[in-house]
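Participant: Coordinates for the following, if possible.
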Amino acid sequence: MKLDPQTTPDGFPRPEGNTHLPCDSSDGLPGLFDCMHCGLCLQSCPTYLATGLETDSPRGRLTLLRAEMEGRIEAPAIGNALDRCVQCHACEVVCPSDVPYNSLLQGFQERHPDLKTTQRLSYWLGSTRRLRAISGLARFMQRKSIQALAQKVAPKKLQRMLQAIPQTPTAFHPTSGASYPAIGKQRGRVSLHLGCVDSNFFGNVLQQTVELLNQEGFAVSIPAQPSCCGALEAHSGAGAVGRLRGTDTLQALSGFDAILVTAAGCQAFLHQLDPREKVLDPLEFLLEHGIRSELKPVVQQFALDTPCHKQNILGTPDAALEILRNIPGLEILPHPYADECCGAGGIAFLREPEMTDAVGKRKAAALLSVKPQVVVSANSGCRIQIEASLRKQGSDLKIVHPISLLHQSIFKK
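Facilitator: A predicted model of the protein is given here:
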């Protein structure tokens, strides 16, 4: 059903600013007509700040969505502008009309999916065996310094994928159903989400999480679970598949005091699927229950880059900041644009590399301006994007998960 740009389907003047009108919901896009074009979203949008183009702003993309819905423009003509969004949700936080921008964007992507991309994602993310094989090859290439050579001769898209390999990738592949007992008096039981990226490229963080929780008196179980939580698919046009994978993940991990997730993007996605489930990052869980171990000094200056998922979706205080402040010797260096997206955007670095490079360049420059010894981020996609952006600036600055700094403090000899 196509809507007249001036009237509702019943012939009445279109009442701008009213949410959930029948004319909205009947087309599956509730809230689209609520945008007042006030422009408050512009200065919070990383893609608009990078280019200054109206079509790279939330306001501009909503205008394009409305034009497509009303039949004034064809879907293929606006697909590129919508794909350039990194889905950071920053515009939703400042919007006075509470326009559900991200839902509208994902709705369009699900109606007009890039089938080649979604099918490839489902093929690789749907199989633990395939994920481990390709990530194992990537880790081998990194260790043998083959990656640098391959980047020079590989096709452009493969180069982008190679750039995403962390400098020091590690894996954590425990036996399905593994359980790690608490040390001393048990304070509780948690399940741990492994994830497609963390288990294959940031395995040390998962290992450190288990060791920390055990030391703090919590038994950790790792039930059999899907190879991916579904977030990457849900954000790339394969919403139904992603949500189903996420639901299966929650079912596999439920039944404990909490479901712990080391990647903020996965945590936010699983929380959105079912807010009744207690899905936390490990530091939030430890902050809630209290840390009983002595925190030994770690002398280091760091810049904390809180993921958009924490700030804009979960809307929770950053537990990392609260805990790291209590470690003797650690000094936080506030940096410009700390509340802006780094440009990771799921697989945006493959889909729209020029845009993610532009956003990442701004973030890298901001971090380098305060000269930290290390950058701290609690999301695997952000760590990959920030590290790649820094490398393009000629910097080998290390990016670590806050879990690693807490682990270093507690287990320091």
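
Participant: where does Thr306 land in three-state SS?
Facilitator: coil (DSSP: H, G, I helix; E, B strand; the rest coil).

Participant: residues contacting it?
Facilitator: 318, 320-321, 338-339, 377-378 (Cβ atoms under 8 Å, 6 or more residues apart in numbering). (Glycine included, C-beta is placed from N, CA and C.)

Participant: quick one: which of those is nearest to Ile165?
Facilitator: Ser377 (16.7 Å; Cβ to Cβ).

Participant: Angles on the backbone of the nearest residue to Ile384 once chain neighbours are set aside, please.
Facilitator: Spatial nearest neighbour of Ile384, excluding adjacent residues (Cβ to Cβ, 6 or more residues apart in numbering): Ala164 at 5.1 Å. Main-chain torsions, Ala164, degrees, to the nearest 10: phi -80, psi -10.

Participant: Would you confirm that Ala164 contacts Arg383?
Facilitator: No: the criterion here is Cβ atoms under 8 Å, and Ala164 misses it with Arg383 at 10.4 Å.

Participant: out of the two, which sits in the more crowded spot?
Facilitator: Neighbour count, other Cβ atoms under 10 Å: between Ala164 and Arg383, Arg383 has more, with 27 against 19.

Participant: The more buried one contacts Lys398, correct?
Facilitator: No: look at Arg383 against Lys398 with Cβ under 8 Å: they stay out of range, at 10.1 Å.

Participant: so what sits against both of these two?
Facilitator: With Cβ under 8 Å, 6+ apart as the test, Arg383 and Lys398 reach no residue in common.

Participant: Where does pLDDT dip in the stretch 101-250 of the chain?
Facilitator: Where the stretch 101-250 of the chain drops to pLDDT under 70, the residues are 142-160.

Participant: let's see it at 80
Facilitator: Across the stretch 101-250 of the chain, the ranges flagged by pLDDT under 80 are 115-127, 134-135, 137-165.

Participant: Filter the contacts of Thr306 down to the buried ones, PyMOL style.
Facilitator: Restricted to buried positions by 16 or more other Cβ atoms under 10 Å, the PyMOL selection for these reads:
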select buried, resi 318+320+377+378
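
Participant: The contacts of Thr306 in helices, which ones?
Facilitator: Within the contacts of Thr306, residues falling in helices by DSSP state H are 320-321.

Participant: just the strands in this protein please.
Facilitator: For the chain, strands defined by DSSP state E occupy the ranges 178-180, 188-193, 218-222, 258-261, 279-280, 300-304, 330-332, 374-376, 398-400.

Participant: okay if I get those as CSV plus mean neighbour count and distance to Gln109?
Facilitator: Below are the strands of the chain laid out as CSV (neighbours: other Cβ atoms under 10 Å; distance: least, Cβ to Cβ, whole Å):
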stretch, mean neighbour count, distance to Gln109
strand 178-180, 14, 36
strand 188-193, 21, 25
strand 218-222, 21, 32
strand 258-261, 25, 24
strand 279-280, 24, 24
strand 300-304, 19, 31
strand 330-332, 16, 37
strand 374-376, 23, 31
strand 398-400, 19, 29
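
Participant: how about those, which one is nearest Arg72?
Facilitator: Arg72 lies closest to strand 279-280 among the strands of the chain, at 41.2 Å (Cβ to Cβ).

Participant: So what touches that closest one?
Facilitator: The contact list for strand 279-280 (Cβ under 8 Å, 6+ apart) reads 250, 258-261, 267, 270-271, 288.

Participant: what's the model's confidence in that strand, averaged?
Facilitator: Averaging pLDDT along strand 279-280 yields 98.

Participant: ok, now stretch 82-96?
Facilitator: Computed over stretch 82-96, the mean pLDDT rounds to 95.

Participant: Go through it and flag the buried ones.
Facilitator: 82-92, 95.

Participant: centre of the chain versus it, how much separation?
Facilitator: Offset of stretch 82-96 from its chain centre (Cα atoms, centre = their mean, to the nearest Å): 13 Å.

Participant: Format the CA atom coordinates belonging to it as CSV.
Facilitator: Extracted C-alpha coordinates of stretch 82-96, given in CSV (Å, rounded to 0.1, in the frame of the first residue of the first chain):
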residue,chain,number,x,y,z
LEU,A,82,20.8,3.5,4.3
ASP,A,83,23.7,1.0,4.2
ARG,A,84,26.1,3.8,5.1
CYS,A,85,24.5,4.0,8.6
VAL,A,86,26.6,2.3,11.3
GLN,A,87,23.6,1.7,13.5
CYS,A,88,25.0,3.3,16.6
HIS,A,89,21.5,4.4,17.9
ALA,A,90,23.0,7.8,18.9
CYS,A,91,20.2,9.7,17.1
GLU,A,92,17.5,7.9,19.0
VAL,A,93,19.0,9.1,22.3
VAL,A,94,18.7,12.8,21.4
CYS,A,95,15.4,12.6,19.3
PRO,A,96,12.6,14.6,21.1
